[in-house]
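In: Here is my input, please return the structure:
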Amino acid sequence: MLPPNAISLDARLSAIRDLAGSCACFADIGADHGRLGAHMLLRGLCGRAQLADISEASLSKARRLIYGLGLTDRVEFCVGDGAQALSEPPDVAVIAGMGGQTIAGILERGRDVLSRARLILQPNVAAPELRARLQAARFRIVDETIARDGRRLYVIIVAEAGEMRLTPEEIEVGPVLLRRRPENLPAYAAFRLRVAGKALQGARRGQGDAAAFEREIAIWEAVLHGDGQRHTGASGGHRAPGNTGRMG
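Out: The predicted structure follows:
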């Protein structure tokens, strides 16, 4: 028998695992290498796992890993478009490492399958759009965190079926992040300010909506300087202060 720690996770996937908790049926949509599902099984955090990806070729790495670990009797490989590829509704579903628009589309198309699941979402970009579309699709945000992996920071959103009404500040930053103000929020706010500042410069040269970027800057300045506490996110996977701030 393999030890529970046979498959280690980086800080990003460890944060996703911690938010996922334990369940009977786990799904990783966009499973890639399959390490998260394998780790969940080995640690006894799920009884069975569905690993889904858009093509058979995309699942090949996960298949090799699961076969090598001897876990094939507890894993189903699902090829297809998002949640629609799953064979049964999961208790917990992870959709991570994609753009916010892509994640939102998966949720909108697969709402019937995911309506009873705890959703762990990690957008690499466009987290504000994801929050807005969660609200429109009748999902509510129940938890959020910012995970640090080396010099990179990742916003992770936990959602479930339900209603919510977000303010513009909550759409931009995140309702739970605004309320709890985790230790990585100032670093994240500083990054968003740099990105929005550069975008504003381009918009003023006729390459975008300057007013929208000015609003975004005002929100993040309030967060960075403490005024954001009065309100009841932004893209993920970026470099923290002390570097160039390039998107990851």
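In: rounded to a whole number, what's the mean pLDDT of the host helix or strand of residue 19?
Out: Assigned by DSSP states H and E, residue 19 belongs to helix 11-20. Helix 11-20 comes out with an average pLDDT of 98.
In: domains of the chain?
Out: Taking automatic domain parsing as the criterion, the chain consists of the domains 11-123, 185-239.
In: Now that we have these, can you turn them into TSV and tack on mean neighbour count and distance to residue 155?
Out: All C-beta spots, glycine's among them, are computed from the backbone N, C-alpha and C. Shown next, in TSV, are those (neighbours: other C-beta atoms under 10 Å; distance: least, C-beta to C-beta, whole Å):
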stretch	mean neighbour count	distance to residue 155
domain 11-123	19	7
domain 185-239	17	4
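In: Using the three-state scheme, assign residue 148.
Out: Of the three states, residue 148 takes strand under DSSP: H, G, I helix; E, B strand; the rest coil.
In: How many residues are close by it?
Out: 16 (other C-beta atoms under 10 Å).
In: repeat for the one 3 residues further on
Out: Other residues near residue 151 come to 13 when the count uses other C-beta under 10 Å.
In: these two touch, right, residue 94 and residue 32?
Out: No. Taking contacts as C-beta atoms under 8 Å, residue 94 lies outside contact range of residue 32: 11.0 Å.
In: picking that back up, helices or strands up against the helix holding residue 19?
Out: Applying 3 or more C-beta pairs under 8 Å, 6 or more residues apart in numbering; DSSP states H and E, one finds that helix 11-20 contacts helix 35-42, strand 92-98, strand 118-123, strand 139-149, strand 152-161.
In: how far does whichever helix or strand comes after the shortest one sit from the chain's center?
Out: Read it as strand 118-123. Proceeding N to C from strand 118-123, the next assigned helix or strand is helix 127-136, under DSSP H and E. In terms of C-alpha atoms, centre = their mean, to the nearest Å, the centre of helix 127-136 is found 12 Å from the chain centre.
In: From what I see, residue 114 and residue 103 are in contact.
Out: No. With contact defined as C-beta under 8 Å, residue 114 does not count as touching residue 103 (11.3 Å).
In: which residue packs closest to residue 122, ignoring adjacent ones?
Out: Once flanking residues are discounted, residue 122 sits nearest to residue 96: 3.7 Å by C-beta to C-beta, 6 or more residues apart in numbering.
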